[in-house]
Each structure stands twice: as C-alpha cells, then as structure tokens.
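In: with the input below, show me the fold.
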Amino acid sequence: MGLRDLKAFNLAMLAKQGWRLLQNQGSLVFKCLKARYFPRCNFLETVDSLNSSFIWKSIIAAQPVLKNGCYWRVGDGTSVRLMSDSWIPNHPTKKILVHPVEEKWEWRVSELMDPELREADWAESSRGHSGTKVWAKLWKLKNKIIHGGKLQAPTQLNKQASDLLAEFQQAQEQLTIVHRTSTESRWCPPPNSKFKLNFDAAIFLDLKCSGIGAIICNENGEVMGAISTKGPQVQDSTEAKVLACRRALEFSIDIGFFELVIEGDSAQVLNSLMSSDTNLSWLGHIIVDIQCLVAGLHWAEVKLVKRDANCVAHSLARYAKIIVDDVFWLEDSPPPALEALYFDSLQFQ
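Out: Now for the predicted structure:
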C-alpha cells in the first residue's frame, strides 16, 4: 500500500543529524554536544550515558547506522588508526583481518607510507607474504622512534615541501585541461597529434562482477590500444563507471599516452570529475584518484557524449563477461568491437 517503515525512516533522519556532527565540526551545536557528551573521542566512538537528554539519546540511537556505512578516507593517514578504524574500501569488515601478537603500540595508517618514495603498502589483508612485509615495516618504524632513531629535521622537511610545491605549480602551469559537454551522438576523432580515450562499464548480475572496456584512437580513427577486463561486484552503474574511468586512465598512462580527450556517457561521473568541490560521496576517494591521474597528463579534455558515440567501449565492456584474464590490444582492432569500429569510421569519414 506504499506505507513507509516509520522506524527505518526515523533512524535515517537521526543518522543524518549524526552525519552533520561528523562533518560540521565548526558548528555551535557540535561544540556544545562534544563538550557535554564526547569530549575525548569522536561521535562514532562515544556511548550513551544515563543522564543524557532525550535529544542526545535519539541521535545516539542512529549511531549503528553510521558505523555500518562509514569508513575513513585515508589522506595522509595520520588520523586513521590501523587496527580499530574502518579504512579499507570494498572489504566486508573494512578493517585489518589478522592482528599482530603485540598491540600495545597504536599504529596509524600513515606509518605504512614512505614519505620519501611516496609509496604505501596498502594492507587489504594482513595475511601471507605481503602482510609479513607490512608488519616488518611497522615494527621497524616503531623501533626507530622508541630506541632513539633519528627523524628528519624540520628544516629538511620544509625544504622538501617547498621543492614539491614549486614542482606542482610548474606542472599546473604546463597542464591544460578543457571541460566540455557535448550533445554529439556519433564518434568524432580527436585533434591532430592528440588521442581519444573512450571508456564504459557493464554489470553482470549473474556473475556478481562488472566489466570494463576502454579504447584509445588517434586522429585517423586508428586503434592505438584497447582493454577488456572484469571488475569487482558493484552496487550500481555509477560505481561501475567510476571504476572503469580510473582503470582506463591507468591503462592509457601505462602504455604511454598523455595527451587525451577523455569521453564517457555518464553525466554523473564526468560532472564529479570536472567539479572543483570536495566530493563527500562514498565514491569520493576514487574520484580524487581519477582527478590526480588527469592532473598528471600533459594535456586533457573531458567530454560527455551520448551512448551512440561510445559504442566501441561498451562492446569491450560487454565482452569482459566471457573472459577470465585481462585482454589487451596494441595498435590492433579488437575483434569484439569490429562492428562498432566500422560504424564509427563510416560516421566521421
């Protein structure tokens, strides 16, 4: 009859208030509630008290809703506790599975990162050989601090920061990124000496996975590279296409193409990519990854097109359903998309 589940609806509204306490920490309401109910922890860690107000008891009742859906966006990792915080995306528990024997040292995710090489050993699972390497590195870092090891002097860190800032500003001056929305329903070649990257995704509910397809062509419509690969199980088409966009850019950079027209048919994904606002959605960390990849290109133009102008990438994404390993084509037309390629060549010629 269309009747709402009033209990679930009420919890959703209360959880929204809890989310505001996590995001708007400069508000007067947050400062008052924090001083009264959770002065030494955050909202997700606090527990209810016997003498709390009815308003606070109502908000805290929705805390499990946020705990089930929230996890940290790592950043520099200095605020994220390695063991107890939820920080691993696309993982059932969002936490480290196997803990070390000794847990007296409160490790942070930042301790997995090498500040000089800018490398991170992302421990999605702490088991096996890679897990041993992670714990060995953590143990070494702990001993370095406890037993009198030398840390980098602040002056040296400041010099490194200044050099990196100068390098970043110089790169931004050289980079030209054009944002454009197109209503074209047919594929068009890129400008001379540039390349066009088309990407798309498909969802295979029966296999509990997704498919990713991408193709790079030159100004003559000739294929420079293409990929068809399976992706993880996703919740919706937006997640699938965000992952496809990131994988397509990684593929382009790996085979040496840095001047790209990037085309897709998802308005939501490309608008998020072109936005300068902080993306607070649950896919925001992947959007940031894509923006970093685009910023590393020598020249880039982002275009939104209709599905008819993205048929080749769509064919490759659908082809991923019947493959086991990733399939690549370099300077060769992919057989699963020959018909779509032929149709595109007739259109722009």
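
In: show me the shaky parts of this structure.
Out: Scanning the chain for pLDDT under 70 picks out the ranges 1-3, 90-92, 97-105, 114-161, 167-184, 347-349.

In: show me it divided up by domain.
Out: Listed by automatic domain parsing, the domain ranges of the chain are 6-69, 72-151, 178-348.

In: could you identify which of the ones you listed is most buried?
Out: Stretch with highest mean neighbour count among these: domain 178-348 (a mean of 18; mean count of other CB atoms under 10 Å). All C-beta spots, glycine's among them, are computed from the backbone N, C-alpha and C.

In: now do it: distance to the chain's middle.
Out: Put simply, domain 178-348 sits 16 Å off its chain's centre (CA atoms, centre = their mean, to the nearest Å).

In: just to revisit the earlier point, with distance to Asp163 added, can I get the domains of the chain in TSV?
Out: Shown next, in TSV, are the domains of the chain (distance: least, CB to CB, whole Å):
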stretch	distance to Asp163
domain 6-69	33
domain 72-151	12
domain 178-348	18
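
In: looking at those domains, spot the one closest to Leu164.
Out: In terms of CB to CB, the element of those nearest to Leu164 is domain 72-151, at 9.7 Å.

In: for the closest residue to Gln268 other than its chain neighbours, helix, strand, or coil?
Out: Leaving aside its chain neighbours, Gln268 sits nearest to Thr238 (5.5 Å; criterion: CB to CB, 6 or more residues apart in numbering). Secondary structure assignment for Thr238 (DSSP: H, G, I helix; E, B strand; the rest coil): helix.

In: I'd like the distance between Thr238 and Ser210.
Out: Thr238 is 12 Å from Ser210, where distance means CB to CB, to the nearest Å.

In: also Ile253?
Out: The value you get for Ile253 to Ser210, if CB to CB is used, is 21 Å.

In: Leu283 too?
Out: For Leu283, the distance to Ser210 - CB to CB - is 14 Å.

In: tell me which element Leu21 is part of?
Out: Per DSSP states H and E: Leu21 is located in helix 6-23.

In: and that helix, what other elements does it pack with?
Out: Where contact means 3 or more CB pairs under 8 Å, 6 or more residues apart in numbering; DSSP states H and E, helix 6-23 is packed against helix 28-37, helix 54-61, helix 63-69.

In: CA atoms only: put the second one into CSV for me.
Out: I take that to be helix 54-61. What follows is helix 54-61, C-alpha atoms only, in CSV (Å, rounded to 0.1, in the frame of the first residue of the first chain):
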residue,chain,number,x,y,z
PHE,A,54,16.2,12.8,25.2
ILE,A,55,17.6,14.6,22.1
TRP,A,56,21.0,13.0,22.6
LYS,A,57,19.6,9.6,23.2
SER,A,58,17.7,9.9,19.9
ILE,A,59,20.8,10.9,17.9
ILE,A,60,22.9,8.2,19.5
ALA,A,61,20.3,5.6,18.6
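
In: any residues touching it, and which ones?
Out: 11, 14, 17-18, 21, 33, 36-37, 46-48, 52 (CB atoms under 8 Å, 6 or more residues apart in numbering).

In: same question for the shortest one.
Out: With contact meaning CB under 8 Å, 6+ apart, helix 63-69 is reached by 11-12, 14-15, 18-19, 22, 43-44, 46, 86, 282.

In: if we can go back for a sec, redo the helices and strands packed on helix 6-23 as a markdown table? Include distance to Glu339.
Out: Shown next, in a markdown table, are the helices and strands packed on helix 6-23 (distance: least, CB to CB, whole Å):
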| stretch | distance to Glu339 |
| --- | --- |
| helix 28-37 | 58 |
| helix 54-61 | 57 |
| helix 63-69 | 42 |
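
In: which stretch among these comes nearest Leu165?
Out: Counting by CB to CB, and looking across all of the helices and strands packed on helix 6-23, nearest comes helix 28-37 at 32.3 Å.

In: name the residues that touch that closest one?
Out: With CB under 8 Å, 6+ apart, helix 28-37 has contacts from 20-21, 24-25, 46, 49, 52, 56.

In: which of those sit farthest apart?
Out: So, the contacts of helix 28-37 by CB to CB: farthest apart are Asn24 and Ser49, at 22.9 Å.

In: contacting residues around Asn51?
Out: So Asn51 contacts nothing (CB under 8 Å, 6+ apart).

In: helix, strand or coil for it?
Out: coil.

In: now do it against Leu44, distance only.
Out: From Asn51 to Leu44 the distance is 21 Å (CB to CB).

In: all strands for the protein, in order.
Out: Taking DSSP state E as the criterion, the chain carries its strands at 113-114, 119-120, 176-181, 195-204, 209-217, 223-231, 259-264, 299-304, 327-330.

In: how far away is the residue most central in space within the chain from Tyr37?
Out: The residue lying closest to the centre of the chain (CA atoms, centre = their mean) is Ile286, at 1.4 Å. Taking CB to CB as the measure, Ile286 and Tyr37 are separated by 34 Å.

In: dump the strands of the chain into a markdown table; add distance to Asp277 as well.
Out: As requested, those are exported to a markdown table (distance: least, CB to CB, whole Å):
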| stretch | distance to Asp277 |
| --- | --- |
| strand 113-114 | 26 |
| strand 119-120 | 26 |
| strand 176-181 | 14 |
| strand 195-204 | 23 |
| strand 209-217 | 27 |
| strand 223-231 | 27 |
| strand 259-264 | 19 |
| strand 299-304 | 16 |
| strand 327-330 | 35 |
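
In: all helices for the stretch 201-349 of the chain, in order.
Out: Here the stretch 201-349 of the chain has its helices, by DSSP state H, counting those that start in this stretch, at 237-254, 267-274, 284-295, 311-319, 338-348.

In: right, I'll call it a day here.
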